[in-house]
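Student: output the structure for:
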Amino acid sequence: MLSNYDLSVRISKTDEERLLAEEQRRLVMLRLVDGGIFDGSGILGPPICVVFEGWDASGKGGAIRRLVSPLDPRHVRVASVAAPTKDEKRHHFLTRFWPVLPGWGGMAVLDRSWYGRVLVERVEGYATEEQWRRAYDEIKAFERTLVDEGMILMKFWMHISPDEQLRRFHAREKNLLKRWKLTEDDWRNRHKWDQYEEAVNEMIERTDTSYAPWTVVEAEDKRYARVKVLQTVTDRIARGLLAHGIDVPPEAIPPTVET
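Tutor: Next up, the predicted model:
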């Protein structure tokens with residue numbers, strides 16, 4: 001349950017800078033290893049896919065920026081998932097995600113994902129009840145297929161309180177370079193917070209699996225959230241590479257991972 005997470009956790013700017021630098025250095029090395037170019041072996045590692053979901057203004061963009069900024073832009077793809085087009089609606093809802101998924105040696109970061117079916121499409125009535133209830137099993141089967149094929153799949157829910165969201169909304173209104181991020185839908189969705197929270201809790205409960213677990217990020221403090229995301233990503237990638245029998249330099253292995 002989202003209510004079980006402590007949103008009061010904080011870290012200092014100094015700690016954020018130090019920890020981000022450590023994890024970003026590890027991430028660059030791990031990404032080069034996964035792409036088969038760290039030591040010139042040419043051996044491709046497993047596909048890496050990082051999925052971000054969360055409340056409006058919860059810091060997804062900032063976390064993604066810190067995640068991909070140290071990487072060569074040729075080595076990672078960031079996809080922003082919007083509402084399906086008319087043509088995409090003619091097909092099964094998962095169809096449109098296949099083209100953005102990474103192959104062996106590749107990495108993709110998704111700003112929102114197939115979970116829209118059991119979140120916004122559920123709450124706003126864009127999917128029938130039969131469709132979104134069926135989607136939990138469809139999503140788990142989809143993710144099981146990806147992981148069985150070798151993918152390292154990470155899923156983040158960026159969690160903030162309604163009060164913090166409102167504060168960030170007002171801050172965006174005053175910032176000329178960020179005002180575009182705030183839409184009428186964002187304000188309207190605030191009035192359905194309880195419905196969305198119920199949908200999120202059910203989503204996590206029903207799709208948190210051993211092969212594709214959810215990581216809830218306490219994002220009230222943006223510094224803490226960014227560090228937790230980076231630490232989780234480097235941990236999972238290192239574990240995935242080692243599980244596939246791929247050598248990882250000792251300095252690229254997080255202290256949380258046993259070798």
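Student: among the helices and strands of the protein, which one scores worst on average pLDDT?
Tutor: Confidence across the helices and strands of the chain bottoms out at helix 184-190, with a mean of 86, counting by mean pLDDT, DSSP states H and E.
Student: buried residues, whichever helix or strand comes after that one. List them.
Tutor: From helix 184-190 onward toward the C-terminus, using DSSP states H and E, the following helix or strand is helix 193-207. Of the residues in helix 193-207, those scored as buried under the neighbour-count criterion (16 or more other Cβ atoms under 10 Å) are Tyr196, Glu197, Ala199, Val200, Glu202, Met203, Ile204, Thr207. C-beta: built from backbone N, CA, C; applies to glycine.
Student: ok, stretch 32-42 next?
Tutor: Across stretch 32-42, burial judged by 16+ other Cβ under 10 Å covers Leu32, Val33, Asp34, Gly35, Gly36, Ile37, Phe38.
Student: cool, stretch 78-95 as well?
Tutor: Under 16+ other Cβ under 10 Å, the buried positions of stretch 78-95 are Val78, Ala79, Val81, Pro84, Phe93.
Student: the host helix or strand of Ala79 pairs with which strands, parallel or anti?
Tutor: When elements are defined using DSSP H and E, Ala79 is found to belong to strand 77-80. Partner strands and pairing direction for strand 77-80 (DSSP bridges) are strand 107-111 (parallel).
Student: chain center to whatever helix or strand comes next after the partner strand, what's the gap?
Tutor: Of the helices and strands lying after strand 107-111 in sequence (DSSP H and E), the nearest is helix 120-123. Helix 120-123 has its average C-alpha position 19 Å from the chain's average C-alpha position, going by Cα atoms, centre = their mean, to the nearest Å.
Student: from the centroid of the protein, which residue is nearest?
Tutor: Phe52 (2.5 Å; Cα atoms, centre = their mean).
Student: picking up where we left off before, turn the buried residues of stretch 32-42 into JSON lines, including secondary structure and distance to Met1.
Tutor: As requested, these are exported to JSON lines (DSSP: H, G, I helix; E, B strand; the rest coil; distance: Cβ to Cβ, whole Å):
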{"residue": "Leu32", "secondary structure": "helix", "distance to Met1": "39"}
{"residue": "Val33", "secondary structure": "helix", "distance to Met1": "37"}
{"residue": "Asp34", "secondary structure": "helix", "distance to Met1": "34"}
{"residue": "Gly35", "secondary structure": "coil", "distance to Met1": "39"}
{"residue": "Gly36", "secondary structure": "coil", "distance to Met1": "42"}
{"residue": "Ile37", "secondary structure": "coil", "distance to Met1": "43"}
{"residue": "Phe38", "secondary structure": "coil", "distance to Met1": "41"}
